[in-house]
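Novice: need coordinates for the below:
(one chain, ligands or ions: 1)
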Amino acid sequence: MKLVKDPVCGMEIEKSANAGEVEYNGTVYYFCCSGCKDKFEENPEQYIETDEPDKGHHGHHH
Ligand SMILES: [Zn+2]
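Specialist: Numbers count the residues shown, from 1 in each chain. The predicted structure follows:
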């Protein structure tokens, strides 16, 4: 089994048991429940881990 992290609540869930998935910026995020999925869809950038908390300038990391 493969564990994925719910970016909203931080819980690790089994990928095959996710309650919903959303693709954002080319990355698929999985959620433990529809409530977390709804929160993410409302404000995805709030839950995505970025190197720079300061959003003053954008950079692409790959
Ligand atoms: Zn969750």
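
Novice: make it CA atoms for all contacts and neighbour counts henceforth
Specialist: Fine.

Novice: for the ion, what are the nearby residues on this protein?
Specialist: By C-alpha under 5 Å from the ion, the part of the chain that sits against the ion consists of 9, 32, 36.

Novice: a markdown table for the residues you listed, including distance to residue 15 and neighbour count?
Specialist: A markdown table is the format used below for the residues of the chain next to the ion (distance: C-alpha to C-alpha, whole Å; neighbours: other C-alpha atoms under 10 Å):
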| residue | distance to residue 15 | neighbour count |
| --- | --- | --- |
| 9 | 15 | 13 |
| 32 | 9 | 24 |
| 36 | 15 | 18 |
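
Novice: redo those residues as a markdown table? Include secondary structure and pLDDT.
Specialist: What follows is the residues of the chain next to the ion, written out as a markdown table (DSSP: H, G, I helix; E, B strand; the rest coil; pLDDT from 0 to 100):
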| residue | secondary structure | pLDDT |
| --- | --- | --- |
| 9 | coil | 97 |
| 32 | coil | 97 |
| 36 | helix | 98 |
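
Novice: closest to residue 1 out of those residues?
Specialist: Residue 1 has its nearest neighbour among the residues of the chain next to the ion in residue 32, at 15.4 Å by C-alpha to C-alpha.

Novice: which residue, other than its chain neighbours, is closest to residue 19?
Specialist: Leaving aside its sequence neighbours, residue 19 sits nearest to residue 33 (C-alpha to C-alpha, 6 or more residues apart in numbering; 4.9 Å).

Novice: tell me which residues of the helix or strand harbouring residue 4 come out buried.
Specialist: Residue 4 is part of strand 3-5, with elements assigned from DSSP states H and E. When burial is assessed from 16 or more other C-alpha atoms under 10 Å, strand 3-5 yields the following buried residues: 4, 5.

Novice: what do you get for stretch 20-27?
Specialist: 20, 21, 22.

Novice: quick one: mean pLDDT over that stretch.
Specialist: Mean pLDDT, computed over stretch 20-27, is 95.

Novice: for it, give me every contacting residue.
Specialist: Outside stretch 20-27, the residues that touch it by C-alpha atoms under 8 Å, 6 or more residues apart in numbering are 28, 29, 30, 31, 32, 33, 34, 37, 41, 44.
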